[in-house]
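Engineer: Could you work out the structure for the sequence below:
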Amino acid sequence: MRDRTNYWRSRVGARYSRRRLLRSAAWGAAALSASALLACGPKINGTGQGAAQGSATGGQPQSGGTFNTYANVNLGILDPQGGSAASANYVLGSAYSRPLSFKSGLNEQIILSRETEGEWAVSAESPDGQSWTFKIQPGAKFHNVPPVNGHPIESADVKASFTRAFAKPENTYKSLYPMIDPAQIETPAPDTIVFKLKSAYGPFKETMAGSGVELMPREASSGTYDPAKVMIGSGPFILDSFTPDVAYVLKKNPAWYKQGLPYLDSVRGAIIPDSAQALAQFTAGNLDDLKPGPNDVNTARQNNPKASVISQTNTMSYAFFGHMNDPASPWHDIRIRQAVSMAIDRDTIKKVILNNQATENQIVPKALGKWMLPVDKFGDAQQYYQFKPDEAKKLLQAASGGPQLTRFMSPAKNYGPAFDQMAETIVSMLNAAGFKIQLVPIDYTRDFIGGGKGALYGSYPADALVYSADALFANAEETLASHFQSKSQRNKPQVSDPKLDEQLEKMLSILDETQRLQAALDIQKYLAGQIYQISTYSDVVFTLIQPWVHNYYLGESNQSSSPRYALPQLWLRK
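Structural biologist: Okay, the predicted model is just below:
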């Protein structure tokens, strides 16, 4: 029998030359070939094994200096409620604040614990899961920028911010908190805000630490300034300047509520779209951190032997799906879903494309720690996640009289070369099992997002599968409800399953975390058997940091979240 690993290695190699991979490498992508790094030079931390050498405290923190980082795109949308602002989040995360945040630190296990702590809120309490009272952090203020001029954060700002968020049709983030009715937000005192939710919602604290809840001053709603042009938040840094295609500069917020922080005077983010140029700038000492592209990791390490390397779980979860609400869709037939899943040789993808440096995301991503149900806990459904090409062919033949899958749509050159390689390899594996399906590259902005009307929101042909990456949700409950609840705007497979809806509603109402965890695991076991969506491996994310960088705290590994956690306590000693 032909060695399937060598077979697929040759198939992938024939389609993807190193030059092509380097051309399409994206900032923030994880490494494909890290195996050589393990054999030489300072130790690379394995995922979850602690902080790299350069991120140790290194003695008493000292204030001052400029941290030089980079982004591969312009900032795009400055208004955090102005739409999908992923390109701006690198700055937004440091300029704006949320009610709560997830704990960060020098060890990834802290991130995987998903414990919350206060940002502008010092506490969040609820007697019944429906009425939530937040107390505002004493001394928390907005930036000292006209016309806000550094006034204290008050409950009126919070209510105005959420009201504005729901009123903006282009704000795609509001779909993440459907439990909120802004008209039912109460302001009994300047330091007290009460959310009267539509129903009991157990994981509300975690939702208030996620994306899309950045606080805007009430002046943003009154029209006294334009948030699309001026950033006024309450975070540790203030946007000082932005020159398109050149750089953005953040300066220290001296009035941040955490006294003594941040240590840095400023942050300069160069706009460097070319990964080779970013590597060159890091090697020359002009950049303080680097997120190398897949084929750049070895070169980056060899050129920078004193740099430390951090490896992290990839919070981006790669998965594909088809239509569940259209009987004309082949995906509506569970035999097709089972056949597709068993036609994929997951172990070979992990070895050939990811060099065994992989994040094993499932229905819930691994970055959510204990909330992810691994494959070996799928029960009877585990058989459908094993490579069984003969069984796949039998199921496909049994379903041959119905509609057929013909397209595998994927946002090309958006998530990095590893993702693109996996898309083409999955298509090859499906066709080897008897499918007749073609890879169809689509544009991320035009076709996938489409202003709220793209494939992300269910607009794709009935004969198609759509492969995409999902950023990390605030919690497992939000992940499950957003992806699979029939009323969710982000229900990409367009699932309408009354039994599942009942399970999801019950889970969301549970206040006890232990009981809610068990409910989430039970739902994942049910979903494993239904195969509404198929997850694949993700890369491991690598970051190189210069030896003079200290206290580089780990946060969520995707590019839009890391600086939010890394910058406030980071300090330099050159």
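
Engineer: Where does the prediction get shaky in the protein?
Structural biologist: 1-58, 75-76, 83-91, 293-295, 555-565 (pLDDT under 70).

Engineer: Residues touching the one helix or strand Met342 maps to, excluding its own?
Structural biologist: Element membership of Met342, judged by DSSP states H and E, is helix 334-343. By C-beta atoms under 8 Å, 6 or more residues apart in numbering, the surrounding residues in contact with helix 334-343 are 322, 330-331, 383-389, 391-393, 395-396, 398-399, 402, 405, 429-430, 432-433, 435, 465, 530-532, 534. C-beta here means a position set from N, CA and C on the backbone, and glycine is covered the same way.

Engineer: Just checking, which helix or strand succeeds that helix along the chain?
Structural biologist: In N-to-C order, the element after helix 334-343 by DSSP H and E is helix 346-352.

Engineer: Count the neighbours of Pro152 for me.
Structural biologist: Applying other C-beta atoms under 10 Å, we find 15 other residues in the vicinity of Pro152.

Engineer: Need phi/psi at it.
Structural biologist: Main-chain torsions, Pro152, degrees, to the nearest 10: phi -60, psi 150.

Engineer: From Pro547, how far off is it?
Structural biologist: When C-beta to C-beta, to the nearest Å is the yardstick, Pro152 and Pro547 sit 40 Å from each other.

Engineer: do Tyr467 as well
Structural biologist: Taking C-beta to C-beta, one finds Tyr467 at 39 Å from Pro547.

Engineer: Looking at those two, which one has more neighbours?
Structural biologist: Neighbour comparison, Tyr467 and Pro547: the larger count goes to Tyr467, with 24 against 15 (by other C-beta under 10 Å).

Engineer: what secondary structure does that one sit in?
Structural biologist: Here Tyr467 is recorded as strand under DSSP: H, G, I helix; E, B strand; the rest coil.

Engineer: Please provide the alpha-carbon coordinates for stretch 204-224, formatted as CSV.
Structural biologist: Extracted C-alpha coordinates of stretch 204-224, given in CSV (Å, rounded to 0.1, in the frame of the first residue of the first chain):
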residue,chain,number,x,y,z
PHE,A,204,-22.4,37.3,30.9
LYS,A,205,-19.2,38.2,32.8
GLU,A,206,-17.1,36.4,30.1
THR,A,207,-19.1,38.1,27.3
MET,A,208,-18.2,41.5,28.8
ALA,A,209,-14.5,40.6,28.5
GLY,A,210,-14.8,39.7,24.8
SER,A,211,-14.8,41.7,21.5
GLY,A,212,-17.2,44.4,20.6
VAL,A,213,-17.8,45.9,24.1
GLU,A,214,-15.1,48.6,23.9
LEU,A,215,-16.3,51.7,25.9
MET,A,216,-17.0,54.9,24.1
PRO,A,217,-17.5,58.3,25.9
ARG,A,218,-21.0,59.7,25.7
GLU,A,219,-19.6,62.6,23.5
ALA,A,220,-19.3,60.0,20.7
SER,A,221,-23.1,59.7,20.7
SER,A,222,-23.8,63.4,21.0
GLY,A,223,-21.9,64.2,17.8
THR,A,224,-19.3,66.5,19.4
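
Engineer: all helices for the stretch 351-500 of the chain, in order.
Structural biologist: 389-398, 417-432, 476-484, 498-509 (DSSP state H, counting those that start in this stretch).

Engineer: right, and those - which one's nearest Asp347?
Structural biologist: Nearest to Asp347 among the helices of the stretch 351-500 of the chain is helix 417-432; the distance by C-beta to C-beta comes to 11.9 Å.

Engineer: Can you show me the CA trace of that closest one as PDB?
Structural biologist: What follows is helix 417-432, C-alpha atoms only, in PDB (Å, rounded to 0.1, in the frame of the first residue of the first chain):
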ATOM      1  CA  PRO A 417      -0.400  29.800   3.500                       C
ATOM      2  CA  ALA A 418      -1.000  26.900   5.900                       C
ATOM      3  CA  PHE A 419      -4.800  27.600   5.600                       C
ATOM      4  CA  ASP A 420      -4.600  27.800   1.800                       C
ATOM      5  CA  GLN A 421      -2.600  24.600   1.700                       C
ATOM      6  CA  MET A 422      -5.100  22.800   3.900                       C
ATOM      7  CA  ALA A 423      -8.000  24.000   1.700                       C
ATOM      8  CA  GLU A 424      -6.400  22.600  -1.500                       C
ATOM      9  CA  THR A 425      -5.400  19.300   0.300                       C
ATOM     10  CA  ILE A 426      -8.900  18.800   1.700                       C
ATOM     11  CA  VAL A 427     -10.300  19.200  -1.800                       C
ATOM     12  CA  SER A 428      -7.800  16.600  -3.200                       C
ATOM     13  CA  MET A 429      -8.700  14.200  -0.400                       C
ATOM     14  CA  LEU A 430     -12.500  14.600  -1.100                       C
ATOM     15  CA  ASN A 431     -12.000  14.000  -4.800                       C
ATOM     16  CA  ALA A 432      -9.800  10.900  -4.000                       C
END
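
Engineer: buried ones in that helix?
Structural biologist: 417-430, 432 (16 or more other C-beta atoms under 10 Å).

Engineer: now stretch 357-374
Structural biologist: Going by 16+ other C-beta under 10 Å, stretch 357-374 has these buried residues: 357-369, 371-373.

Engineer: With stretch 331-347 instead?
Structural biologist: Buried, per 16+ other C-beta under 10 Å, within stretch 331-347: 331-333, 335-346.

Engineer: export stretch 231-251 as CSV, just CAs?
Structural biologist: Coordinates of each C-alpha in stretch 231-251 appear next as CSV, following Å, rounded to 0.1, in the frame of the first residue of the first chain:
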residue,chain,number,x,y,z
MET,A,231,-9.9,57.8,19.0
ILE,A,232,-10.9,58.6,22.5
GLY,A,233,-10.9,55.7,24.9
SER,A,234,-9.9,54.9,28.4
GLY,A,235,-7.1,52.4,27.8
PRO,A,236,-3.4,52.5,28.8
PHE,A,237,-2.4,54.2,25.5
ILE,A,238,-3.6,57.2,23.5
LEU,A,239,-3.4,57.3,19.7
ASP,A,240,-0.9,60.1,19.0
SER,A,241,-0.6,59.9,15.2
PHE,A,242,-1.3,57.8,12.2
THR,A,243,0.3,58.2,8.8
PRO,A,244,-1.3,55.8,6.3
ASP,A,245,1.2,53.3,4.8
VAL,A,246,3.9,54.5,7.2
ALA,A,247,3.1,54.0,11.0
TYR,A,248,0.9,54.7,13.9
VAL,A,249,2.2,56.0,17.2
LEU,A,250,0.6,55.5,20.6
LYS,A,251,1.7,57.5,23.7
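
Engineer: how far out from the middle of the chain is it?
Structural biologist: In terms of C-alpha atoms, centre = their mean, to the nearest Å, the centre of stretch 231-251 is set 22 Å apart from its chain centre.
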